[in-house]
Structures are given as C-alpha cells and as structure tokens.
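Visitor: Sequence isn't available, so here's the structure alone:
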C-alpha cells in the first residue's frame, strides 16, 4: 500500500475509494481477493430460543419474509481483505455492515419497544443493551428478513444470560461484527491511529461529552461511508476478549470462551485516545450502559 505522506490528500482519497470499489490490498501492498460474497439465504439451522430447545430458525419454517435485510438496514459492503497487525496477518471474507449504529427506531421495529426511560427518538442509537440483548436483536432481525439465526442457545435466565450459547458462523445471518470485521470497517483502508488521521477529530466523532448520545449519522463518515465508527456510543463486538493470536488467521472469531466481550470505537463520554481504530475495551456480556450500543453485520457465512 502506498504511503499516504507521498500523496496529496485528494489523490489519497481517490486511491482509497478505488481500493474499496474495485479491489483491496493488504497492509504490505499485496492484492487481496475482493470477490463479493453472494447475499443468499442459508440452510436450515436450529435456534434454541428461550424456553424452547428445539425451535427451528430456518426461514422455510415461517414462510417467505416480506422484507430483505437491505429493506430493514442500510448497509455498506466491505470486500474480502487482509491486513497485518505486527507480523500476524488477518484475512476476512466479504461482509456487509450497518451504515450507522442500530437506532432506537430500528430496535423498536424489530423488538417492539425500547425502555421508556431511554427513549430519545428514532434517530438516536440504542443503548443500555447488554451483549446478550444485542445477540437477541440480531436473531430477531434475521428472522424478520427470512434468514437463519447465528446465535443458538438453550434458554434465557432471569439475568438475561443466554444459556449454552454458541455462534453459527456458517449460515447467512445477521450478527455482531467480529473484532477483525469491526476494525477493518472502521479503518476503511487506513493504517493511521485514527481513521481521520490528523484531521480535526470533532468533525468525525462525538466524544468527551456529559449529556448522553446524539442522533446517528450527524458527523463525517469514514472513507467507506460508515458513521460513528468512533464516538457516540461504543459498540459491542462478537468476540470474547483475549490476547491476539501470534500466527496468521482467516476469519478470526476470537477465543472460544472468556469472561468479557469486546467493545470498540469509544463512546460519547470517552476522551480522544479511546477513539483510536485499534483501541479495545471489555465488559461482561450482561453489562448495560448509556455509553454502549452496537451495529450489525450481515454475512453469507464462512
């Protein structure tokens, strides 16, 4: 990849746009496969929902949906790409990611309501949601779009925890982004600390505030057209939190188990360092906060 300092700003942005339109490159300049993954319905899988251990989530069970996922969520396609973290290369298949954080309007459409005390307006991000809440939303959104569900579990306990939870990455479904998917989407081809490099951070991110979140998509998006990848509400990712691997990975999904789930992007109350594209946070998956929400990914499976 060409060094940004060797290019004018306009030329750099043109090259960046071309990279994500026609192809992608790895951090060391090698070409990467960017063939789009077809958006298709997945095979039938078993979704073990609350109180029902054998409920099928196949879209064929409920009949065809009146919606497609793109009717429900405005998404940006991200081509297959690889990037290096130190000596370790991570390659990720193509996926689509929400253009904004999940809004309260979308959450209400899918789940029926938002907590009355948290209702700020349809254009505000949903917050005060645990990782488990986000997973249940993803399953509900998948079903509404006639897709399979990625999260499989036996029951929901009184604390909202999903018991005997597993994630089926092979089906075409909506889910939370893996940590690597999230970072690739946030960076949008950049290798700098912040995806806006040395530009004024407040043009791109809502942070260092004490009054709560603001409506989504109110600040300058990154080069992929994604809004609030830094600031506003921090975002749950799918992975258990852990040390990065020391060998190269394909479609890395994090440790097999853990105590904490990853959070990325920084929130409205955080200072600037928390907005860095590589910055990580962690919380137990039952944690809820006014500073944490999420965005969704659609993957055709890997």
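Guide: Right, received. Where do you want to start? Model, not experiment: these values are computed from the prediction.

Visitor: any idea which residue sits dead centre in the chain?
Guide: The centre of the chain sits closest to residue 177, judged by C-alpha atoms, centre = their mean, with a distance of 3.5 Å.

Visitor: Which residue, neighbours along the chain excluded, lies closest to that one?
Guide: Excluding the flanking residues, the one nearest residue 177 by C-beta to C-beta, 6 or more residues apart in numbering is residue 297, at 4.3 Å. Where you see a C-beta, it was placed from the backbone N, CA and C, and this is true even at glycine.

Visitor: cool, and residue 227?
Guide: Among residues not flanking residue 227 along the chain, residue 217 sits closest, at 4.3 Å (C-beta to C-beta, 6+ apart).

Visitor: List the contacts of the one you found.
Guide: Neighbouring residues of residue 217 by C-beta atoms under 8 Å, 6 or more residues apart in numbering: 99-100, 123, 227-228.

Visitor: Just to be sure, residue 105 is in a strand?
Guide: No. The assignment for residue 105 by DSSP: H, G, I helix; E, B strand; the rest coil gives helix, which leaves it out of any strand.

Visitor: Would you mind confirming that it makes contact with residue 120?
Guide: No. Applying C-beta atoms under 8 Å, one finds residue 105 not in contact with residue 120, separated by 10.6 Å.

Visitor: For residue 219, which residues are in contact?
Guide: 203-206, 227-228, 231-232 are the contacts of residue 219 under C-beta under 8 Å, 6+ apart.

Visitor: Next SSE downstream of whichever strand in the chain runs longest?
Guide: Longest strand in the chain by number of residues (criterion: DSSP state E): strand 234-240. Downstream of strand 234-240, the next assigned helix or strand under DSSP states H and E is strand 249-250.

Visitor: Counting by contacts, list what that next one packs against.
Guide: strand 88-92 (3 or more C-beta pairs under 8 Å, 6 or more residues apart in numbering; DSSP states H and E).

Visitor: so how far is residue 79 from residue 183?
Guide: 15 Å (C-beta to C-beta, to the nearest Å).

Visitor: Over to residue 272?
Guide: The value you get for residue 272 to residue 79, if C-beta to C-beta is used, is 30 Å.

Visitor: more neighbours, these two?
Guide: Set residue 272 next to residue 79 and count neighbours by other C-beta atoms under 10 Å: residue 79 wins out with 21 against 16.

Visitor: right, and the more buried one touches residue 94 too?
Guide: Yes. Counting by C-beta under 8 Å, residue 79 touches residue 94, with 5.2 Å between them.

Visitor: Turn the contacts of residue 217 into a markdown table, including neighbour count and pLDDT.
Guide: Formatted as a markdown table, the contacts of residue 217 follow (neighbours: other C-beta atoms under 10 Å; pLDDT from 0 to 100):
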| residue | neighbour count | pLDDT |
| --- | --- | --- |
| 99 | 18 | 98 |
| 100 | 23 | 98 |
| 123 | 14 | 98 |
| 227 | 22 | 98 |
| 228 | 29 | 98 |
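
Visitor: what's the most distant pair in those residues?
Guide: 99 and 123 (12.8 Å; C-beta to C-beta).
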